[in-house]
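Enquirer: Below are the sequence and a predicted model for it; my questions follow.
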Amino acid sequence: MSVLVYTENWDGRFKKLSHELISYASKIAEMTGGSVTALSIGKVSDGELSKLGNFGASTVLSAGDAGVLDNQLYTGIIAAAAEKVHAKVIVLANNNSGKALAPRMSVRLKAGLASGVTAVPESVNPFVVRRKVFSGKAFAKVKILSGTVILSLAQNSFEVHETGGSAKVEAFNPGIDPSAAKTKVRDVQKQAGKILLTDAEIVVSGGRGMKSGNNWKPLEELAEVLGAALACSRPVSDEGWRSHDEHTGQTGKIIAPNLYLAFGISGAIQHLAGVSSSKCIVAVNTDKDAPIFEAADYGIVGDALKVLPEFIKEARAVKAQ
Amino acid sequence: MACYQISFIFVRLLTNIDMNVLVCISNVPDTTTKVRFVNDNTEFDTSGVQWIINPWDELALTRAMELKEDASNPVARVTVLTVGQAAAEPTLRKALAIGADDAIRIDARPVDAFFVASQIATVLRESDYSIIINGIESSDYNGSAVGGMLSELLGLPSVSAISSLRVENGEVVIIREIDGGKEELTVPTPFIGVVQKGIAKEPRIAAMRGIMMARQKPLKVVPAVEVAPLTETVEFSLPTPKAPCKMFVPDDVKGLLNALVNEARVI
């Protein structure tokens, strides 16, 4: 079965996310006996494109710049690529753009969609795959009833595998006019150099136990030492201590970093739903019975504000080694 | 007279008077529900479960009400819709109590996202909503699929990850979250908006007056059409329980960091 992967680049570079997708796709191609084609939209150097071969892509289709994400236009481009390579499985990320495009692809190709998949399929005939449900509180095994399959992969759920290969890069003209986009951009604001919460390997997070928005300095310092992104619990963003785009939890951002450091967070079930897929959770909280300790791997019962200076010092020491 | 009518229609087109908004609602278990399954783990255990408006749909409804109440907007009517059996009606009544003008229930057990989107599309083909809003996902099956599928079924533009939506001179202006930033976009109506946190500050709570009024508001039940689903859930499972948390005393941050480096290997 031919497998197509929709990759995204940021200013001409691919992130780990794309490498995860291709590694995942090549595992499926191995199971079904087929090859992996990666689709890239926008300006990316041939060198960067061919590097996708290192994760298992045999071919990279490089479509030119299509402007800002217009769901209808991009769906057309992916559908054209799927048709060209006779894709039977199409893999996207379960991020903002994947959530916008995967359901459209499902209807366009009359192909069953399993979103937020966390593992390689259990079987490919019939196609059965596991996905997260109830915000990570459970899993569901989903059988795809159509011949073509659309999968969106939950972030950080599949390890990157390097194969040492290099992909053949092909210019791809989907025959779609970017000026036909119905969504028009008025303004774009991007913060350069900031580690994105959903990309971060380590996340430093604060809750009500931080007592005030003015007490965030040590968390910012720890994040800087560890190269981490900052997050917060819902009361913190509701109080306006931090902006809502740092809110992690059921209704905020769902994240799955390698390490989640929770300072002064009690761990309401809605908060845990947003972070429980993290590989390792560390909690510092004054209440020894706080639910965060049931989800955590390592914990300290103590005042976050008092523990933080020592934490920063020890983290610095570790990083210096 | 004919000339007057034509110019009237022309003015309507130019200013988009009377935009009707549809908010799609998912009836979901309260987010604090202990998740359990029955019938050999093939079905969600609904015993003792409190049902609520999906949190993102509730925010979408709140924003729709704000638009309607702001006189500078052309939003005239807010309708809520769900695909579900009679048991989902209290949730629709809640939405009416929050302020929606009328409700539609498509009478079917939601089988999969394609089935649900197809049901909604069938109803929408016969209607004139300018703005159709879905929450980014439902808190139970987390599919994030119905809004996108619906827009493709109807051939309408869609924008996902919306954190702000307003109407300016008859044009819909949206702020969409992108990696590391925001985009401000315009989109022609009718369109489908998939919204996330930020679209409204806090969900609106129904007042007693609203609850009383909700009883009188129209709730239309529409029969389902036959649609073959594209997926089938064969089994549910719960995550394997975690090992107990390893505790360190506040004076032993060094020990904890050591465990993160050498045991968990995450730093």
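Expert: Everything's here; your move.

Enquirer: okay, CA-based contacts and neighbour counts for the rest of this
Expert: OK.

Enquirer: shaky segments in the chain?
Expert: Looking at chain A here, since you left the chain open. A:192-193 (pLDDT under 70).

Enquirer: that's the wrong chain, I meant chain B
Expert: Applying pLDDT under 70 to chain B picks out residues B:1-17.

Enquirer: can you map out the helices along it?
Expert: Secondary structure of chain B (DSSP state H): helices at B:2-15, B:55-69, B:89-98, B:113-124, B:146-154, B:208-214, B:253-262.

Enquirer: Could you do chain A as well?
Expert: So, for chain A - with DSSP H - the helices run A:16-32, A:46-50, A:71-84, A:96-108, A:217-226, A:234-238, A:269-275, A:292-295, A:304-320.

Enquirer: Turn these into a markdown table, columns for distance to chain B.
Expert: Converted to a markdown table, the helices of chain A look like this (distance: least, CA to the nearest CA, whole Å):
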| stretch | distance to chain B |
| --- | --- |
| helix A:16-32 | 12 |
| helix A:46-50 | 20 |
| helix A:71-84 | 6 |
| helix A:96-108 | 5 |
| helix A:217-226 | 8 |
| helix A:234-238 | 8 |
| helix A:269-275 | 6 |
| helix A:292-295 | 6 |
| helix A:304-320 | 6 |
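
Enquirer: need these in a markdown table with mean neighbour count, can you?
Expert: Formatted as a markdown table, the helices of chain A follow (neighbours: other CA atoms under 10 Å in any protein chain shown):
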| stretch | mean neighbour count |
| --- | --- |
| helix A:16-32 | 22 |
| helix A:46-50 | 17 |
| helix A:71-84 | 20 |
| helix A:96-108 | 25 |
| helix A:217-226 | 18 |
| helix A:234-238 | 20 |
| helix A:269-275 | 22 |
| helix A:292-295 | 24 |
| helix A:304-320 | 16 |
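
Enquirer: could the ones you listed be laid out in JSON lines, adding distance to B:Ser72?
Expert: Below are the helices of chain A laid out as JSON lines (distance: least, CA to CA, whole Å):
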{"stretch": "helix A:16-32", "distance to B:Ser72": "43"}
{"stretch": "helix A:46-50", "distance to B:Ser72": "49"}
{"stretch": "helix A:71-84", "distance to B:Ser72": "29"}
{"stretch": "helix A:96-108", "distance to B:Ser72": "30"}
{"stretch": "helix A:217-226", "distance to B:Ser72": "42"}
{"stretch": "helix A:234-238", "distance to B:Ser72": "28"}
{"stretch": "helix A:269-275", "distance to B:Ser72": "36"}
{"stretch": "helix A:292-295", "distance to B:Ser72": "46"}
{"stretch": "helix A:304-320", "distance to B:Ser72": "47"}
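
Enquirer: Quick check: the gap between the closest residue to A:Leu230 other than its chain neighbours and chain B.
Expert: For A:Leu230, ignoring the flanking residues on the chain, the nearest one in space by CA to CA, 6 or more residues apart in numbering or on different chains is A:Val204 at 5.0 Å. Per CA to the nearest CA, to the nearest Å, A:Val204 is found 13 Å from chain B.

Enquirer: so A:Val204 makes contact with A:Ala262?
Expert: Yes. In terms of CA atoms under 8 Å, A:Val204 counts as a neighbour of A:Ala262; the distance is 6.5 Å.

Enquirer: so how far is A:Gly98 from the residue most central in space within chain A?
Expert: The residue lying closest to the centre of chain A (CA atoms, centre = their mean) is A:Gln155, at 3.5 Å. As defined by CA to CA, to the nearest Å, A:Gln155 lies at a distance of 11 Å from A:Gly98.

Enquirer: Please apply the same query to A:Ser123.
Expert: Plainly put, A:Ser123 is 23 Å away from A:Gly98 if you go by CA to CA.

Enquirer: Chain A contacts on the stretch 1-150 of chain B?
Expert: Contact residues, the stretch 1-150 of chain B versus chain A (CA under 8 Å from any CA of the partner chain): B:31-32, B:35, B:55-56, B:114, B:139-149.

Enquirer: repeat that for 6 Å
Expert: Contact residues, the stretch 1-150 of chain B versus chain A (CA under 6 Å from any CA of the partner chain): B:139-145, B:148-149.

Enquirer: Out of the residues you listed, which end up buried?
Expert: The neighbour count (16 or more other CA atoms under 10 Å in any protein chain shown) marks B:139-145, B:148-149 as buried among the residues of the stretch 1-150 of chain B next to chain A.

Enquirer: now the residues you listed in JSON lines, with distance to A:Lys88?
Expert: As requested, those are exported to JSON lines (distance: CA to CA, whole Å):
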{"residue": "B:Ser139", "distance to A:Lys88": "29"}
{"residue": "B:Asp140", "distance to A:Lys88": "28"}
{"residue": "B:Tyr141", "distance to A:Lys88": "24"}
{"residue": "B:Asn142", "distance to A:Lys88": "24"}
{"residue": "B:Gly143", "distance to A:Lys88": "21"}
{"residue": "B:Ser144", "distance to A:Lys88": "22"}
{"residue": "B:Ala145", "distance to A:Lys88": "20"}
{"residue": "B:Gly148", "distance to A:Lys88": "21"}
{"residue": "B:Met149", "distance to A:Lys88": "19"}
